[in-house]
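>>> Got a sequence here, can you build the structure:
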Amino acid sequence: MPGLRTVPGPPAFLHLLLLLLLLPAAIPADQLRPGSRRAAVAAARVALQYRNFQKGSPGRLWALGQLRKATVKNIPDLGHKYYLQFSTEDYRTGENAGNCLATVLYPRKKTPPVVSIKCSNTKDQKEIQEEDNRFYQRIRQQTKPITGSNIPDSYGNIEPALEPAWALAVAGSSSIMWEKSTEDLGYFLAQVKSVKQWMRKDDFIEFDYTVLLHEMPTQEMISCHMRLTWLPGHPLREKHFCASQNHGLEEGSGLGSGSAAGLSEERGTSS
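Got it, this is the predicted structure:
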């Protein structure tokens, strides 16, 4: 495809590739049984949700393109571990965004999936930084705090002035979706019900959100309150709580930043 560049991977990327190549059960995604394929696709989305938050950048948000190869192994006393190869798309434009190798372990105990993901990119770091700065300047140039509701609207439209707030909502809610996901339940951001900007004296940008997450396959809508703080070049900071299915409040982990602060190296890695 025009503009597609092959980016040599770092050693960790090659390590993941070697893992996939050595697995005898690794098969093309189109040859997976329907149930196995659905589970592998869901695991690939979880890996991208982890990465979208971990990178903490509205200028580089990814959606799942095509799942190419996948396998799953039962790790005794731990859980099921998925080994995945897939392509990605730019979350906003749908353009090709590169390829990823990932592993996703669903622990048997109630803890977030353990993700390791390495990707090649069609955008270089300078392009991403420039796009982040454009988002930032659009927010800073507003003459009064940004507020909005029902984003996107019932026709799928987003007002241009609210696009940066929407992009940050995607990045921040990715943390919630990754954290809540299990092998049986996955999540999509359905809508930002409301957003309000808090004015600060420093250079950081801060938003309060109420977001609706679509839970699959139950079709439940989960409401979460989320507060985000962001400055280009700094980790995205996010805290949240969600309404549980019995309509009480479920406390979020409030992970400190896009670097997944507080998590050990084995909880997840990304590039």
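>>> Let me see the contact set for residue 72.
25, 36, 39, 40, 80, 81, 82, 83 (CB atoms under 8 Å, 6 or more residues apart in numbering). C-beta coordinates here come from the backbone N, C-alpha and C atoms, glycine included.
>>> Tell me, what's the model's pLDDT at it?
For residue 72, the model assigns a pLDDT of 90.
>>> Confirm it sits in a strand?
Yes. Counting by DSSP: H, G, I helix; E, B strand; the rest coil, residue 72 is part of a strand.
>>> all strands for the chain, in order.
27-28, 62-75, 79-90, 96-107, 114-119, 147-151, 186-198, 205-216, 221-230, 237-243, 249-251, 268-270 (DSSP state E).
>>> Put together a markdown table for the ones you listed, with distance to residue 178 on each row.
Listed next are the strands of the chain as a markdown table, based on distance: least, CB to CB, whole Å:
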| stretch | distance to residue 178 |
| --- | --- |
| strand 27-28 | 26 |
| strand 62-75 | 13 |
| strand 79-90 | 14 |
| strand 96-107 | 10 |
| strand 114-119 | 7 |
| strand 147-151 | 21 |
| strand 186-198 | 9 |
| strand 205-216 | 11 |
| strand 221-230 | 13 |
| strand 237-243 | 11 |
| strand 249-251 | 15 |
| strand 268-270 | 9 |
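>>> among the ones you listed, which is nearest residue 137?
strand 205-216 (10.8 Å; CB to CB).
>>> any idea how far that closest one is from the chain center?
From the chain centre to the centre of strand 205-216 is a distance of 13 Å (CA atoms, centre = their mean, to the nearest Å).
>>> and it, which residues are buried?
Using 16 or more other CB atoms under 10 Å as the test for burial, strand 205-216 gives 205, 206, 207, 209, 210, 211, 212, 213, 214, 215, 216.
>>> Would you mind listing where the stretch 1-150 of the chain has pLDDT under the threshold?
In the predicted model of the stretch 1-150 of the chain, residues 1-35, 122 satisfy pLDDT under 70.
>>> out of the strands of the chain, nearest to residue 177?
Per CB to CB, nearest to residue 177 of the strands of the chain: strand 186-198, 3.9 Å.
>>> the inter-axis angle of that closest one versus strand 221-230?
50 degrees (axes from the mean of the first three to the mean of the last three CA atoms, to 10 degrees).
>>> Identify all contacting residues around strand 186-198.
Contacts for strand 186-198 (CB under 8 Å, 6+ apart): 42, 45-46, 49, 139, 142, 145-152, 162, 165-166, 169-170, 173-174, 176-177, 180-181, 205-216, 221-223.
>>> That strand pairs with which strands?
Looking at strand 186-198 with DSSP bridges, its partner strands are strand 147-151 (antiparallel), strand 205-216 (antiparallel).
>>> and residue 151, how many residues sit next to it?
20 (other CB atoms under 10 Å).
>>> ok, back up a step: can you add distance to residue 123 and give the strands paired with strand 186-198 back as JSON lines?
Formatted as JSON lines, the strands paired with strand 186-198 follow (distance: least, CB to CB, whole Å):
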{"stretch": "strand 147-151", "distance to residue 123": "25"}
{"stretch": "strand 205-216", "distance to residue 123": "22"}
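>>> For the residue of the chain most remote from its centre, give its distance to residue 161.
The centre of the chain is farthest from one residue, residue 143, which by CA atoms, centre = their mean lies 30.5 Å away. Per CB to CB, to the nearest Å, residue 143 is found 11 Å from residue 161.
>>> Where is the longest helix in the chain?
Longest helix in the chain, counting residues (DSSP state H): helix 34-55.
>>> buried residues in that helix?
So, applying 16+ other CB under 10 Å, buried residues of helix 34-55: 36, 39-55.
>>> same thing with stretch 229-243?
Quick answer for stretch 229-243 (16+ other CB under 10 Å): 229, 230, 231, 232, 235, 236, 237, 238, 239, 240, 241, 242.
>>> And for stretch 134-141?
Neighbour counts over stretch 134-141 (16+ other CB under 10 Å) mark 135, 136, 139 as buried.
>>> In CSV: the contacts of residue 72, plus distance to residue 73.
What follows is these, written out as CSV (distance: CB to CB, whole Å):
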residue, distance to residue 73
25, 7
36, 12
39, 13
40, 12
80, 7
81, 5
82, 8
83, 7
